[in-house]
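*Asks:* Pasting the sequence and the predicted model now:
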Amino acid sequence: MKLVLDGVRLPLAHFDLDVTAELSSRVTGIFGASGAGKTSLLDAVAGLRTPRAGRIALDGEVFDDVSANVHVPARHRRIGYVPQENALFPHMSVEENIRYGADETDIARVVDVLELGHLLARGVTALSGGEQKRVALARALVIKPRLLLLDEPLAGLDRPLHGRILAFLQRIRDDFHLPMLYVTHDPQELAAIAEETAVIERGRVVAVGRTADAIGYAVTSQDNGLGGSET
């Protein structure tokens, strides 16, 4: 994967998201204090929000180039997105949620990896938080995405379930060879899954590098009182 973010600017309430970075690892962490702009960056990459300025390109395909009036709609980017709230369809079964927009050839494999076979007939509102997270992951995977965006995928889970879902994410990384952007404020998660990490402070990428080095930089910055007030 090669994701180019060139002067990507998006107005937020108290500051602008203003990002320039080149990300190329299999799993890249997006790390920073709550409100630093991490979710807004994912929204821009996914095509859910249109930058005011700048350019976004993935593996040479331009998604946004404001100066050239280019904006590829989200539905044409083939990007899987698992938001914090999962965003499942409550009136549909597990299987119906997974099949929504799916490439039929990959459903069985995804269901097997995420161990969802025994849940397919159930309604999603009857599932536990961890089961809902796995269904959201499955729905993102069956569209055969070229990039998977994960926004705080383990937030709100208790520690045993936290570890179990992290193991599923590691299986996805290893079995599907799928590039990921992984947003979290938990350095332990990043150490377990991300090869490189980009650190965001008040809407700007201030460091990109090996995860251990980037986390060390971020912790020092947070100790000095840096952070943000946006999502």
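*Replies:* Received, thanks.
*Asks:* Helices of the protein, start to end?
*Replies:* 38-46, 94-99, 107-113, 129-141, 159-176, 187-193, 211-223 (DSSP state H).
*Asks:* which one of the ones you listed has the lowest average pLDDT?
*Replies:* Looking over the helices of the chain, mean pLDDT reaches its minimum on helix 211-223, with a mean of 80.
*Asks:* How far does it sit from its chain's centre?
*Replies:* 20 Å (Cα atoms, centre = their mean, to the nearest Å).
*Asks:* and what of stretch 118-129?
*Replies:* Relative to its parent chain, stretch 118-129 has a centroid offset of 23 Å by Cα atoms, centre = their mean.
*Asks:* picking up where we left off before, so which of the helices of the chain is nearest residue 201?
*Replies:* helix 211-223 (6.1 Å; Cβ to Cβ). Glycine gets a C-beta too; all of them are placed from N, C-alpha and C.
*Asks:* Can you dump the C-alpha atoms of the closest one in PDB for me?
*Replies:* Only the C-alpha atoms of helix 211-223 are listed here, as PDB (Å, rounded to 0.1, in the frame of the first residue of the first chain):
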ATOM      1  CA  THR A 211       5.500   2.200  16.100                       C
ATOM      2  CA  ALA A 212       7.700   2.000  19.200                       C
ATOM      3  CA  ASP A 213       9.400   5.200  18.200                       C
ATOM      4  CA  ALA A 214       6.200   7.100  17.300                       C
ATOM      5  CA  ILE A 215       4.500   6.000  20.600                       C
ATOM      6  CA  GLY A 216       7.500   7.300  22.500                       C
ATOM      7  CA  TYR A 217       7.300  10.600  20.700                       C
ATOM      8  CA  ALA A 218       3.500  10.900  21.400                       C
ATOM      9  CA  VAL A 219       3.800  10.000  25.100                       C
ATOM     10  CA  THR A 220       6.400  12.700  25.500                       C
ATOM     11  CA  SER A 221       4.200  15.300  23.600                       C
ATOM     12  CA  GLN A 222       1.200  14.400  25.700                       C
ATOM     13  CA  ASP A 223       3.200  14.800  28.900                       C
END
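*Asks:* Which elements pack onto it?
*Replies:* When contacts are defined as 3 or more Cβ pairs under 8 Å, 6 or more residues apart in numbering; DSSP states H and E, helix 211-223 sits against strand 27-31, helix 187-193, strand 196-201, strand 204-210.
*Asks:* which residues touch residue 1?
*Replies:* Residues near residue 1 by Cβ atoms under 8 Å, 6 or more residues apart in numbering: 23, 24, 25, 26, 58, 59, 147, 179.
*Asks:* redo that, cut-off 7 Å
*Replies:* 24, 59, 147, 179 (Cβ atoms under 7 Å, 6 or more residues apart in numbering).
*Asks:* Count residues in the vicinity of the closest residue to residue 52 other than its chain neighbours, would you?
*Replies:* The shortest distance from residue 52 to any non-neighbouring residue, by Cβ to Cβ, 6 or more residues apart in numbering, is to residue 9 (5.0 Å). Neighbours of residue 9 under the rule other Cβ atoms under 10 Å: 16.
*Asks:* Could you check the pLDDT of residue 177?
*Replies:* Reading off the model, residue 177 has pLDDT 87.
*Asks:* Leaving out chain neighbours, which residue sits closest to it?
*Replies:* Per Cβ to Cβ, 6+ apart, closest to residue 177 is residue 26, 7.5 Å.
*Asks:* And for the one you found, the neighbour number?
*Replies:* Around residue 26 there are 15 residues (other Cβ under 10 Å).
*Asks:* How much space separates it from residue 81?
*Replies:* As judged by Cβ to Cβ, to the nearest Å, residue 26 and residue 81 stand 18 Å apart.
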